[in-house]
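Chemist: turn this into a structure:
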Amino acid sequence: MKKAFTLAELLIVLVVLGILAAVLMPVAFQSAPDENVLKFKKANNTLGAAVHQLVSSEQYSLNGNLRFKADGTEHANAKFFCESFADVISTKSVNCSDTTSSPSIEASGDFDTPCKNKQLSQIVASDNVTYWVYATGTAFDDNKNTNNFYDKYKVFCFDVDGINKGEAPFGYGIRIDGKVIPGARAKEWALKSVQKGS
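Modeler: Alright, predicted model coming up:
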């Protein structure tokens, strides 16, 4: 006589497997990393590393001052910074154009709001994060006081999910000495966990 499972035993096994699947599926989906948070953290690190490279390299700045080209020529335009930034990261496409100064940003230090405006220059990185320089303006130090050495900065933005899609862009101020000042959204996202729902 051959031994085999009965229909009742097979049904019990299927019911148990169904219960396990129902319990484990939400946990599995919740533990998947949040792609936008991962892209933000990578782009945030890329920005810091690229600015550090620009300040440290005699090819892009004079004595660590981003206001001057390596040959000593002074520049205050965003186009040169955009092109230099594109040189030091892995890019898919680059379209750098000049921008005008934006004095309204100076008082509040709000770097996020201007990033919602039209992008005159765009750098699309190999991971599809879009970077752009919004404006040049007067910088401030950490106490919101103007300082002669920090008299120029760039409002720099990036968007992790493509321009004008779900997530709003992140704004930063980049001082001529290479200090990267994150906007409010960037500070908030830097504390986020990469796990969904965290």
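Chemist: give the next helix or strand downstream of the longest helix along the chain.
Modeler: Of all the elements of type helix in the chain, the one with the most residues (DSSP state H) is helix 7-30. For helix 7-30, the following helix or strand on the C-terminal side (DSSP states H and E) is helix 35-56.
Chemist: so what secondary structure elements neighbour that next one?
Modeler: helix 78-88, strand 153-159, strand 170-175, strand 180-182, helix 184-190 (3 or more C-beta pairs under 8 Å, 6 or more residues apart in numbering; DSSP states H and E). All C-beta spots, glycine's among them, are computed from the backbone N, C-alpha and C.
Chemist: the inter-axis angle of the second one versus helix 35-56?
Modeler: Following axes from the mean of the first three to the mean of the last three C-alpha atoms, to 10 degrees, one obtains 150 degrees for the angle between strand 153-159 and helix 35-56.
Chemist: tell me where the model's unsure across the chain.
Modeler: Applying pLDDT under 70 to the chain flags residues 1-2, 27-32, 76-77, 98-109, 118-120, 135-153, 194-198.
Chemist: I figured residue 125 hits residue 93, correct?
Modeler: No - applying C-beta atoms under 8 Å, one finds residue 125 not in contact with residue 93, separated by 9.3 Å.
Chemist: of the helices and strands packed on helix 35-56, which approaches residue 39 most closely?
Modeler: strand 153-159 (9.3 Å; C-beta to C-beta).
Chemist: what helices and strands are in contact with that closest one?
Modeler: helix 35-56, helix 78-88, strand 130-137, strand 170-175.
Chemist: pull out the buried positions in the second one.
Modeler: Buried positions in helix 78-88, judged by neighbour count with 16 or more other C-beta atoms under 10 Å: 78-82, 84-88.
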